[in-house]
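S.K.: this one's sequence-less:
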């Protein structure tokens, strides 16, 4: 084969390999875009399912508030749920792509309709026939069964889409690895062809000098392309890893720490800070930083940042453009990016460094995409934290509810058993609470409950837990507290409650409390026996004149006390 023919063949092979390398980023980008769209769809479905569950919980809470108080103002969340749920279900329908998803959506919609029908029926029954009829319908347990079914259905959906996101993340990693492998093979192939050409060109160096320079230029271009693809693949992999880590975060502060650990690798040779709105919505606090950020302010106002004013990224490079008022050093190049989710700005990211001036438009767009994903992820974290708080906090007293008490009591009993430390439980019941409701109305009773709850929060240790069991009964959990100290603290709480009056409609309302005390291990070794022992001690305090504290009897007597009838328990609750 002639040398010219060899040169032409080698050149054609190099062009073919370079074309493949040039097309590869487009293929990878399309695959990555498709996977990211599916990830966004899965995240949107999860958000909508959580919104649907929140609306149902709000409707059920509104129903209970209305049944208890009879006040129409408690039904505002119920009407909001009726208006929001159809649009949420319609949005979910748009995300469905398979018959199985549609079938599951149908099941959730049917369960939702049944639940809303029960809530509406209970509300109408309360309006027409009063509290007793509505309470009887609630006591049948239909609404609870329907809500449990909805939690199960929506929980299954959330589990399904969480698994789907994991599969998509794995697919994204596989795509990145495949692209890197193809790039490596293409580069090696180019080098082999060029090596052959250089070896052959040694014999005719003077005649073929121009061809050698062209081949070298082609090799350099191939290496730059391969390096760029490798960097892009690495960034995509790390970005997917960051989003997956944020999905597992349990709080906004933990999310900020995760972001601070990943951004130095996603944005090398750049520094920056993450700012999020505080509760007042007027001020943004710095939650995390990376690189050199000591000169950056700890807090900024919304009007101090042009990105927050405009709701879009704002670039200041080489003295060209408007300078944000929060910029302490105006000589630094700066890029500010708002964190936006569903049109709502939750914070911003400031990026500084000399690399901003050198960065291409595609690199700045990449930074903007990262900010968009972070905004969505942080919004999801806030939503999860909010739903968790709503599920364990009693809305009237702001104390923990019975569900949380069951969890923490089991955990503290296990810890006390392992460590050999005591654990005490106070069961507290307000005296003659029914009389207070009858005399001053349920609003007066609610005012007393809030006052007692505030007294409990202000007079217990930071490690103690105060919960509302239901009605006027409350429980205080005292870790590492024996019976003697628990008795003293219970009596101190009794005195504080008796001394606190509430001014309601121009009248002063007071209340006293009877308290039962039980301790581990003297009065029980599990949740049921320990709470039952304190309950019996409370029953004894009620029968001995009320407004007093009694300690549970010895374990042997508690066995006899366990025979207390349900009618006696009911009588004590009503007193």
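M.R.: Received it, and whenever you're ready, just let me know what you need. Just so you know, these numbers come straight off a predicted model, no measurement behind them. Numbers count the residues shown, from 1 in each chain.
S.K.: what number of residues lie near residue 174?
M.R.: Residue crowding around residue 174 was assessed by other Cβ atoms under 10 Å; the count is 12. In this view, the C-beta of every residue, glycine as well, is placed from N, C-alpha and C.
S.K.: and what of residue 263?
M.R.: Neighbours of residue 263 (other Cβ under 10 Å): 25.
S.K.: show me the contacts for the closest residue to it other than its chain neighbours.
M.R.: Spatial nearest neighbour of residue 263, excluding adjacent residues (Cβ to Cβ, 6 or more residues apart in numbering): residue 290 at 5.1 Å. Contacts for residue 290 were tallied using Cβ atoms under 8 Å, 6 or more residues apart in numbering; they are 260, 263, 264, 267, 271, 272.
S.K.: Can you show me the strands along this protein?
M.R.: Applying DSSP state E to the chain gives strands spanning 271-277, 283-290, 299-301, 314-316, 334-341, 344-352, 423-430, 465-470, 473-479, 502-504, 507-509, 513-520, 549-551.
S.K.: check contacts around residue 42.
M.R.: Residue 42 is in contact with 161, 164, 165, 168, counting by Cβ under 8 Å, 6+ apart.
S.K.: tally of neighbours for the spatially closest residue to it that is not a sequence neighbour?
M.R.: Nearest non-adjacent residue to residue 42, counting by Cβ to Cβ, 6+ apart: residue 161, 4.5 Å away. In terms of burial, residue 161 registers 20 neighbours under the definition other Cβ under 10 Å.
S.K.: Run through the stretch 351-500 of the chain and note the low-pLDDT ranges.
M.R.: For the stretch 351-500 of the chain, the stretches with pLDDT under 70 are 359-361, 389.
S.K.: in this protein, which helix has the most residues?
M.R.: For the chain, the helix that runs over the most residues, judged by DSSP state H, is helix 3-69.
S.K.: between that helix and strand 334-341, how big is the angle?
M.R.: Angle, helix 3-69 to strand 334-341, by axes from the mean of the first three to the mean of the last three Cα atoms, to 10 degrees: 50 degrees.
S.K.: hmm, back to that, quick one: closest of the strands of the chain to residue 70.
M.R.: strand 502-504 (17.0 Å; Cβ to Cβ).
S.K.: tell me the contacts of residue 415?
M.R.: By Cβ under 8 Å, 6+ apart, residue 415 lies in contact with 421, 479.
S.K.: re earlier: pull out the buried members of the contacts of residue 290.
M.R.: Listed as buried from the contacts of residue 290 are 260, 263, 267, 271, 272; burial here means 16 or more other Cβ atoms under 10 Å.
S.K.: Dump those to CSV, plus distance to residue 66 and pLDDT.
M.R.: Shown next, in CSV, are those (distance: Cβ to Cβ, whole Å; pLDDT from 0 to 100):
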residue, distance to residue 66, pLDDT
260, 46, 79
263, 48, 81
267, 52, 80
271, 54, 86
272, 49, 87
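S.K.: Closest to residue 552 out of the residues you listed?
M.R.: For those, the minimum distance to residue 552 (Cβ to Cβ) is 50.4 Å, reached by residue 260.
S.K.: which residues touch the residue lying closest to that closest one once chain neighbours are set aside?
M.R.: Leaving aside its chain neighbours, residue 260 sits nearest to residue 288 (3.6 Å; criterion: Cβ to Cβ, 6+ apart). Residue 288 makes contact with 256, 257, 259, 260, 273, 274 under the criterion Cβ under 8 Å, 6+ apart.
S.K.: count of neighbours near residue 450?
M.R.: Count around residue 450 with other Cβ under 10 Å applied: 15.
S.K.: same thing with residue 112?
M.R.: Neighbour tally, residue 112, other Cβ under 10 Å: 24.
S.K.: what do you get for the one 10 residues further on?
M.R.: Residue crowding around residue 122 was assessed by other Cβ under 10 Å; the count is 23.
S.K.: Next up, the contacts around it.
M.R.: Listed by Cβ under 8 Å, 6+ apart, the contact set of residue 122 reads 63, 67, 134, 137, 138, 143.
S.K.: how about the contacts of residue 288 in TSV, adding distance to residue 53?
M.R.: Shown next, in TSV, are the contacts of residue 288 (distance: Cβ to Cβ, whole Å):
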residue	distance to residue 53
256	26
257	28
259	27
260	31
273	35
274	29
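S.K.: pLDDT at residue 305, what is it?
M.R.: Residue 305 is assigned a predicted lDDT (pLDDT) of 90.
S.K.: Which residue is the nearest non-sequential neighbour of it?
M.R.: Once flanking residues are discounted, residue 305 sits nearest to residue 324: 4.9 Å by Cβ to Cβ, 6+ apart.
S.K.: wait, doesn't that neighbour sit right on residue 337?
M.R.: No. Contact criterion Cβ atoms under 8 Å: residue 324 and residue 337 do not qualify, at 11.9 Å.
S.K.: what about these two, which has more around it?
M.R.: Per other Cβ under 10 Å, whichever of residue 324 and residue 337 has more neighbours is residue 337, with 25 against 21.
S.K.: Of the contacts of residue 288, which is the nearest to residue 355?
M.R.: Nearest to residue 355 among those, with distances taken as Cβ to Cβ, is residue 273, at 16.4 Å.
S.K.: which residues does the closest one form a beta bridge with?
M.R.: residue 289, residue 350 (DSSP bridges).
S.K.: For it, list the residues it contacts.
M.R.: Residue 273 neighbours (Cβ under 8 Å, 6+ apart): 286, 288, 289, 293, 296, 349, 350.
S.K.: can you redo those as a markdown table with pLDDT?
M.R.: Formatted as a markdown table, the contacts of residue 273 follow (pLDDT from 0 to 100):
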| residue | pLDDT |
| --- | --- |
| 286 | 88 |
| 288 | 84 |
| 289 | 86 |
| 293 | 80 |
| 296 | 85 |
| 349 | 88 |
| 350 | 88 |
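S.K.: from those, which single one is nearest residue 393?
M.R.: The shortest approach to residue 393 among these belongs to residue 288, at 27.6 Å (Cβ to Cβ).
S.K.: Buried ones in stretch 455-473, by neighbour count?
M.R.: In stretch 455-473, the ones that count as buried by 16+ other Cβ under 10 Å are 455, 456, 459, 460, 464, 465, 466, 467, 468, 469, 472, 473.
S.K.: Check stretch 348-365 too.
M.R.: Judged by neighbour count using 16+ other Cβ under 10 Å, the buried positions of stretch 348-365 are 348, 349, 350, 351, 352, 353, 356, 359, 364.
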